[in-house]
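1. dropping a prediction and its sequence here:
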Amino acid sequence: MQKRKIMEKIHWLGAVDWDRRLFDSLIPLPDGTTYNAYLIEGSEKTALLDTVDPPMAEVLTAQLDNVPKIDFVVSHHAEQDHSGTIPQVLERFPQAKVVATPKAKGMLMDILKIPENAFVTVQDGETLSLGDKTLEFIHTPWVHWPETMVTYLQEDKILFSCDFFGSHIATSDLFVTDQGRVHEAAKRYFAEIMMPFRNIIAKNMEKLNGYDIQMIAPSHGQIYDRPSWIMDAYQDWVAGDPHNLVVLPFVSMHGSTRKMVDHLTAALVERGIRVELFNLAVTDIGKLAMALVDAATIVVGVPTVLAGPHPLAAYAALLANALKPKVRFLSIIGSYGWGGKTVETLAGMIPNLKVEVIDPVLCKGLPAEADFASLDRLADSIAQKHKENGFR
Ligand SMILES: Cc1cc2nc3c(=O)[nH]c(=O)nc-3n(C[C@H](O)[C@H](O)[C@H](O)COP(=O)(O)O)c2cc1C
């Protein structure tokens, strides 16, 4: 694809990665992704904002064939999917300077071995004139690495946000056309990448409140030409109350834990609570992460294996601990054969979750009447907690 015009002297460059199905060797990409770079041609200087993932370098360099000069390569984020083609761009335009935060400079030198004399570092709020266009750099640390920043193009009121507000969707659309689809993809992206940093992201959101933002151009996904809805959605995801929702990741080898899960689900629904089930043997972990954005309670369904939790449940616990959702309550249910330390081991894997633990329900083999009664009591406790906290 050739470069595409956003408005006069501002173009999208980059690559649509229709085939990619896994990111960071971890995150499922059901819809592929894009790596967006942007070209801003001022009356005196030209800037390229970010680049593309190295396997797609040739797509970008071909788009640069008709670009007569680049004076600055703005690197918002040192991760290779945006910075990885900077060395090739510098080969083509050796006089270009890489504009980055002081922290990003060090990281780009480490990661890509870009020489120190190629850099110009910028402080928070510093501006760079391209003649009739002015770039203002806003440091936004931990979105989602420590060195990240965004660029505000003052004259056109465009925020080039890099990973902030990004979404993984491969499409030929330059702008958001299907808001529902992008909302889901952006929420998935937030859950997987941004949620662990939601407190500092809330502060960065406050910082952006001072700007008149007419358009947000992220480095993954489509451009928001009506950006208020995605900023409102982020506000809710970072700072809104949890919802009246139980997320129930579970695994069951022979069906006993599954019977407990199904009973608890029905009991919660009867009590007016929404439930999302994730069978860890088959689930897309991105869907689980997305559900955790809103969950008030997590209940893990886990059989005992080799004296501890089934490894898939341990993996889910590790993931939830790393993602640090705003969940408030947690419980564990599951079946065992003769004994083990399932609850203790699993509980020890989630120190980051600031949760109140509600009494677990374990049963030997298949659940019996007394176990179902215990699950009903667990549903009562969860309903009571959600009501007391006003979760809706
Ligand atoms: C590979 C394997 C290892 C197991 N290890 C233990 C164990 O260490 N302690 C225990 O109490 N039960 C152990 N069990 C038995 C299961 O926990 C028990 O069968 C349970 O009811 C299975 O629940 P499920 O039907 O939900 O898979 C093990 C089962 C399997 C298949």
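-> Structure received.
2. of all the residues in this structure, which ones are close to the ligand?
-> Contacts of the chain with the ligand, taken as Cβ under 6 Å from any ligand atom, map to 252-257, 303-307, 335-340, 365. In this view, the C-beta of every residue, glycine as well, is placed from N, C-alpha and C.
3. let's see 8 Å
-> Within reach of the ligand by Cβ under 8 Å from any ligand atom, the chain has these residues: 251-260, 301, 303-308, 310, 334-340, 342, 364-366.
4. of those residues, keep whichever come out buried.
-> 251-252, 256-260, 301, 303-305, 308, 310, 334-336, 340, 342 (16 or more other Cβ atoms under 10 Å).
5. what does P360 show for phi and psi?
-> The phi/psi pair for P360 (degrees, to the nearest 10) reads phi -70, psi 160.
6. nearest residue to it other than its sequence neighbours?
-> Once flanking residues are discounted, P360 sits nearest to I332: 4.1 Å by Cβ to Cβ, 6 or more residues apart in numbering.
7. so what secondary structure elements neighbour the helix or strand hosting that neighbour?
-> Assigned by DSSP states H and E, I332 belongs to strand 329-336. The contact analysis (3 or more Cβ pairs under 8 Å, 6 or more residues apart in numbering; DSSP states H and E) places strand 329-336 against helix 256-270, strand 297-301, strand 304-305, helix 342-347, strand 356-357, strand 361-364, helix 369-388.
8. at 6 Å instead, please
-> Identification of packing neighbours for strand 329-336 by 3 or more Cβ pairs under 6 Å, 6 or more residues apart in numbering; DSSP states H and E yields helix 256-270, strand 297-301, strand 361-364.
9. what lines up beside it in the sheet?
-> Sheet pairing of strand 329-336 (DSSP bridges) gives strand 297-301 (parallel), strand 356-357 (parallel), strand 361-364 (parallel).
10. circling back to that earlier point, and the residue nearest to P360, bridged to which residues?
-> Applying DSSP bridges to I332 gives these bridge partners: V300.
11. now L159: which helix or strand?
-> L159 is part of strand 158-162 when elements are defined by DSSP H and E.
12. that strand pairs with which strands, parallel or anti?
-> Using DSSP bridges, strand 158-162 pairs in its sheet with strand 149-153 (antiparallel), strand 215-218 (parallel).
13. ranking those strands by burial, who's on top?
-> Most buried of these, by mean neighbour count (mean count of other Cβ atoms under 10 Å): strand 149-153, with a mean of 25.
14. what pLDDT, on average, does that one get?
-> Averaged over strand 149-153, pLDDT sits at 98.
15. using PDB, write down the CA coordinates of that strand.
-> What follows is strand 149-153, C-alpha atoms only, in PDB (Å, rounded to 0.1, in the frame of the first residue of the first chain):
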ATOM      1  CA  MET A 149       5.800  10.000  24.700                       C
ATOM      2  CA  VAL A 150       3.100  11.300  22.300                       C
ATOM      3  CA  THR A 151       3.200  14.200  19.800                       C
ATOM      4  CA  TYR A 152       0.600  16.900  19.500                       C
ATOM      5  CA  LEU A 153       0.500  18.700  16.200                       C
END
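16. for the residue of the stretch 1-150 of the chain found nearest the ligand, the count of nearby residues, please.
-> Nearest residue of the stretch 1-150 of the chain to the ligand, counting by Cβ to the nearest ligand atom: P28, 24.8 Å away. Counted with other Cβ atoms under 10 Å, residues neighbouring P28 total 17.
17. could you give the angle of the one helix or strand G286 maps to to strand 297-301?
-> With secondary structure defined by DSSP H and E, G286 is part of helix 285-292. Helix 285-292 runs at 140 degrees relative to strand 297-301, counting by axes from the mean of the first three to the mean of the last three Cα atoms, to 10 degrees.
18. other residues contacting helix 285-292?
-> Residues from elsewhere that reach helix 285-292, judged by Cβ atoms under 6 Å, 6 or more residues apart in numbering: 28, 187-188, 191-192, 247, 249, 276, 278, 323, 325.
19. how does it look with 7 Å?
-> Residues from elsewhere that reach helix 285-292 (Cβ atoms under 7 Å, 6 or more residues apart in numbering): 27-28, 187-188, 191-192, 247, 249, 276, 278, 316, 319-320, 323, 325, 327.
20. ok, stretch 316-326 next?
-> 191, 195-196, 242, 249, 280, 285, 288-289, 292-293, 295, 298, 300, 346, 349-353.
21. tell me the mean pLDDT for that stretch?
-> Stretch 316-326 carries an average pLDDT of 96.
22. hmm, H76 is touching A47, no?
-> No: in this structure, H76 is not within contact of A47 by Cβ atoms under 7 Å, at 11.8 Å.
23. who has more neighbours out of the two?
-> H76 (28 against 24).
24. doesn't the more buried one lie inside a strand?
-> No: in this structure, H76 is coil, not part of a strand, as judged by DSSP: H, G, I helix; E, B strand; the rest coil.
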